[in-house]
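1. Take this sequence and fold it.
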Amino acid sequence: MKKEYKNIMVAVDGSEQSYNAVQEAVEVTKRNGGKLQIVTVKDNKRYYGMAGAGFVETPGLDQMAQEILNEASRLVGDKVEVTLQELSGTPKYRIVSFAEEHNIDLIVIGSTGAGVIDKLMLGSTTQYVVSHAPCNVMVIK
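-> Residues are numbered from 1 along each chain as shown. Next up, the predicted model:
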C-alpha cells in the first residue's frame with residue numbers, strides 16, 4: 001500500500017530549486033488530498049551584535065523572507081490549501097523541528113539552495129534534513 005501524505009511541508013529559500021520543490025509539493029498535495037505548509041527560515045544567526053550582545057534589526061532579511069513566501073504563494077495559487085510560515089533561526093534545525101512539532105508526513109526540499117557558502121562551510125541543509133527528519137523527505141532538483 002502506498003503511503004498517503006496529508007500534511008506536507010515545503011522549505012523555500014528563494015533558490016530556483018526551492019521553487020521547483022514548491023511546484024512538486026503542490027502536485028503531491030493534490031494527489032493526496034492533503035494540506036501544504038510552506039516554510040521559509042530567516043537565518044538571523046549572522047546578525048548578532050559584537051560578542052553576542054544582541055540581535056541587530058534586520059528589515060532587509062524580513063523583506064526577503066516575505067518576498068520568498070509571496071513568490072511561493074503565487075506558484076501555489078488556489079490549487080491546494082496552503083499555510084505560510086516565516087521562522088527564524090538556523091534553517092536546517094528549524095525545518096526539522098517544525099516537521100516534528102507539526103506532525104509533517106513529507107518534507108519537500110530543493111537539492112541545493114541559496115546558501116552556497118554555508119554548504120561548503122557547514123554542510124548542506126538538505127543533507128541534514130534528509131538525515132534528521134522525522135518523516136520522508138523528497139529532494140527536488
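
2. Just checking, which helix or strand of this structure averages the lowest pLDDT?
-> helix 116-122 (a mean of 47; mean pLDDT, DSSP states H and E).

3. After it, which helix or strand is next? Please name it.
-> helix 125-132 (DSSP states H and E).

4. how about the strands of this protein, start to end?
-> For the chain, the strands defined by DSSP state E occupy 7-11, 35-42, 81-88, 106-110, 136-140.

5. Can you lay out those as JSON lines showing mean neighbour count?
-> All C-beta spots, glycine's among them, are computed from the backbone N, C-alpha and C. As requested, these are exported to JSON lines (neighbours: other CB atoms under 10 Å):
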{"stretch": "strand 7-11", "mean neighbour count": "26"}
{"stretch": "strand 35-42", "mean neighbour count": "23"}
{"stretch": "strand 81-88", "mean neighbour count": "16"}
{"stretch": "strand 106-110", "mean neighbour count": "26"}
{"stretch": "strand 136-140", "mean neighbour count": "17"}
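
6. Ok, which of the ones you listed comes nearest Leu69?
-> Nearest to Leu69 among the strands of the chain is strand 81-88 (4.8 Å), distances taken as CB to CB.

7. Understood, closing this out.
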